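In: predicted model and sequence below, questions to follow.
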Amino acid sequence: QVSRAPSQPLASSESRRFTNKHSKKALKASLTLGILLGMFFVAWLPFFVTNVAQAVCDCVPAGFFDVLTWLGYCNSTMNPIIYPLFMRDFKRAMGKFLPCCRRSAEPRPSAISLSMRNSNSGPRAATSLKNVL
């Protein structure tokens with residue numbers, strides 16, 4: 001028999017909270033993926049069906065084919081709008097790299113601090129050839 005520890009209900013509560021948080025993230029990811037795939041199919045499926053019909057019967061007007069092609073191109077312009085609406089990590093990344101999307105409270109790193117961080121030339125202990133050998 002395994003005896004119950006006093007912290008068992010707490011562990012169960014934490015497990016439930018983790019599962020609930022995980023399921024919310026999975027639901028949000030599924031929703032985002034569903035929207036992206038739905039937009040893709042709505043934008044490109046008519047183009048591909050018309051393309052096959054054009055190859056079979058040569059009965060699609062050129063203007064209609066151009067409109068469907070541009071509908072597919074519009075899907076590509078919608079992705080940068082959809083991603084920030086539904087993905088917090090994408091918003092943060094855009095905020096770091098695009099000055100127009102940066103929050104005013106977020107400090108902007110100076111060029112010197114970036115240079116120091118990237119070059120590993122921060123303060124170090126003095127090393128000499130004698131210390132290395």
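Out: Here it is on my side, so go on.
In: quick one: low-confidence ranges for this structure?
Out: 1-15, 17-18, 101-133 (pLDDT under 70).
In: mind naming the longest helix for it?
Out: helix 8-57 (DSSP state H).
In: tell me which other helices or strands that helix touches.
Out: On a contact count with 3 or more Cβ pairs under 8 Å, 6 or more residues apart in numbering; DSSP states H and E, helix 8-57 meets helix 62-86. The way it works is simple: take the backbone N, C-alpha and C, and place the C-beta from them, glycine included.
In: report all helices and strands that the helix it packs on contacts.
Out: By 3+ Cβ pairs under 8 Å, 6+ apart, helix 62-86 packs against helix 8-57, helix 88-97.
In: list the contacts of it.
Out: 28, 31-32, 35-36, 39-40, 42-44, 46-47, 50-51, 54, 90-91, 94 (Cβ atoms under 8 Å, 6 or more residues apart in numbering).
In: which SS state does residue 60 fall under?
Out: Here residue 60 takes the coil state, with states given by DSSP: H, G, I helix; E, B strand; the rest coil.
In: state the distance from it to residue 34.
Out: 30 Å (Cβ to Cβ, to the nearest Å).
In: re earlier: in CSV, list the helices and strands packed on helix 62-86 along with mean neighbour count and distance to residue 75.
Out: Output for the helices and strands packed on helix 62-86, formatted as CSV (neighbours: other Cβ atoms under 10 Å; distance: least, Cβ to Cβ, whole Å):
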stretch, mean neighbour count, distance to residue 75
helix 8-57, 12, 3
helix 88-97, 13, 17
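In: for the ones you listed, give me CSV that also has distance to residue 65.
Out: Output for those, formatted as CSV (distance: least, Cβ to Cβ, whole Å):
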stretch, distance to residue 65
helix 8-57, 6
helix 88-97, 33
